[in-house]
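**Student:** model this:
(one chain, ligands or ions: 1)
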Amino acid sequence: MAELQLENISKNFGSIKVIHDVSLAVQQGEFVVFVGPSGSGKSTMLRLIAGLEDISSGTLKIDGQVANDLTPVQRGIAMVFQSYALYPHMNAYDNMAFGLRRHNMSKTEADAHIRDTARSLDIEQYLDRLPRQLSGGQRQRVAIGRAIVRQPKLFLFDEPLSNLDAALRVNTRLEIAKLHERMPDTTMIYVTHDQIEAMTLADRIVVMNHGNIEQVGTPMELYHNPVNQFVAEFIGSPKMNIIQDENTVEKTGVRPEHIELVADGQGQWRGKVEAIEELGAETLVFVRLPTEELVLVRVGDDQSVTRNDMVGLAPIEDKILRFDRDGGRC
Ligand SMILES: Nc1ncnc2c1ncn2[C@@H]1O[C@H](COP(=O)(O)OP(=O)(O)OP(=O)(O)O)[C@@H](O)[C@H]1O
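**Tutor:** The predicted structure is shown next:
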């Protein structure tokens, strides 16, 4: 259980400022995902919250108390990293048990708790194994289990899925979503550069760019109502199309799923089909406009179109977004 307040937090490394005056309130039990491109400051934010880096200026409050000078343990935090960070010479059980003494748990109590947690993560049968005898996904579940048994107030994840292959990543993502359901009072903060993880896990997403927050909102708020071109292009896969107006400095933003392919001569734009990617359930069609811009259209598998066809592009009117020269919403 923890409520978190970041008030005008900044972080400098020497003379370089990497976090600029960030403010954010996180409710108890909320799952908040920080997302942004490489170098945007996501991991630094998480490390400041964890107490692994000093805050240069501003105030961090946990449950209303100033926490700037508290150690990670005093903050009641558990962290799961991309690299698992398990002790290599200890088996899975001992990795989970390590440090529990500090949490005032008797040996019997700790044992029951570890076995319960292991069962819920489906790693009960691996408790005797050393980390090197486990697969990447199993290791990550041990690392998550080790964090759970400490009953943290605040659960922090730093790109926990990025070392896993695609299938395992989807499974572990579901595990983490279930974990959040089972621990509804535990606040979770999760860092990723993967917007699909952000969309599927978050109650609210924080989009970061150059050490600033661009927007905070629910996944659907960000998808349907991004405040600027940066957020519009970052959220959603494949990426939103941005098309320069012919007569003004403004740009039109429209998602690939919000454009229809129509006959040449109809629709708002015309262009030549340059490539077609058939993915089974959907097909991606790349259309080159006379201005050289490449527009991606997502169509069902019932649409027949051939390379080099001239086609019209008809955006769904109420899904169109308009951006000014600097990428702000018009
Ligand atoms: N210890 C450090 N000393 C100096 N600069 C640092 C240090 N740690 C991070 N930085 C800089 O701070 C900025 C933000 O880094 P950070 O790791 O928080 O970004 P990120 O969004 O997590 O990126 P990635 O997705 O690549 O991990 C980067 O420009 C980075 O070079």
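**Student:** CA atoms only for stretch 132-143, dumped as PDB, please.
**Tutor:** Extracted in PDB, the C-alpha atoms of stretch 132-143 (Å, rounded to 0.1, in the frame of the first residue of the first chain):
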ATOM      1  CA  ARG A 132      21.800 -21.200 -14.100                       C
ATOM      2  CA  GLN A 133      19.700 -24.300 -14.200                       C
ATOM      3  CA  LEU A 134      16.600 -22.300 -15.000                       C
ATOM      4  CA  SER A 135      15.300 -20.800 -18.200                       C
ATOM      5  CA  GLY A 136      15.100 -17.000 -18.600                       C
ATOM      6  CA  GLY A 137      11.400 -17.000 -17.900                       C
ATOM      7  CA  GLN A 138      11.700 -19.200 -14.800                       C
ATOM      8  CA  ARG A 139      14.500 -16.900 -13.500                       C
ATOM      9  CA  GLN A 140      12.300 -13.900 -14.000                       C
ATOM     10  CA  ARG A 141       9.500 -15.600 -12.100                       C
ATOM     11  CA  VAL A 142      11.900 -16.300  -9.200                       C
ATOM     12  CA  ALA A 143      12.900 -12.700  -9.200                       C
END
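**Student:** what sits up against it?
**Tutor:** 80-81, 84-86, 88, 92, 95-96, 121-123, 126, 131, 160-161, 163-165, 168, 171-172, 175 (CB atoms under 8 Å, 6 or more residues apart in numbering). Where C-beta positions appear, they are placed from N, C-alpha and C, glycine not excepted.
**Student:** what is the rounded mean pLDDT of it?
**Tutor:** Average pLDDT, stretch 132-143: 89.
**Student:** buried ones in it?
**Tutor:** 134, 137-143 (16 or more other CB atoms under 10 Å).
**Student:** Show me which residues of this protein are close to the ligand?
**Tutor:** The interface of the chain toward the ligand, taken as CB under 6 Å from any ligand atom, is made up of 13, 18, 36, 38-44, 193.
**Student:** Low-confidence regions, the stretch 1-150 of the chain specifically.
**Tutor:** Applying pLDDT under 70 to the stretch 1-150 of the chain flags the ranges 1, 84, 101-103.
**Student:** Going by proximity to the ligand, name the top residue of the stretch 101-250 of the chain.
**Tutor:** His193 (4.7 Å; CB to the nearest ligand atom).
**Student:** Which residues are in contact with that residue?
**Tutor:** His193 neighbours (CB under 8 Å, 6+ apart): 35-38, 42, 159.
**Student:** Just the ones of those in strands?
**Tutor:** Within these, residues falling in strands by DSSP state E are Val35.
**Student:** Put together CSV for the contacts of His193, with distance to Val26 and neighbour count on each row.
**Tutor:** Output for those, formatted as CSV (distance: CB to CB, whole Å; neighbours: other CB atoms under 10 Å):
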residue, distance to Val26, neighbour count
Val35, 15, 26
Gly36, 17, 26
Pro37, 22, 13
Ser38, 24, 7
Lys42, 15, 24
Glu159, 19, 19
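**Student:** from the contacts of His193, which is closest to Gln5?
**Tutor:** Nearest to Gln5 among these, counting by CB to CB, is Lys42 at 18.7 Å.
**Student:** Hmm, the closest one is touching Val33, no?
**Tutor:** No - Lys42 is not in contact with Val33 according to CB atoms under 8 Å; the separation is 9.4 Å.
**Student:** Give me the common contacts of the two.
**Tutor:** Counting by CB under 8 Å, 6+ apart, the contacts common to Lys42 and Val33 are 191-192.
**Student:** And the helices in the stretch 1-150 of the chain?
**Tutor:** For the stretch 1-150 of the chain, the helices defined by DSSP state H, counting those that start in this stretch cover 42-50, 72-75, 92-97, 107-120, 136-149.
**Student:** Buried ones in the longest helix seen in the chain, by neighbour count?
**Tutor:** The helix that spans the most residues within the chain, counting by DSSP state H, is helix 166-182. Neighbour-count burial for helix 166-182 flags 168-169, 172-173, 175-176, 179-180 (criterion: 16+ other CB under 10 Å).
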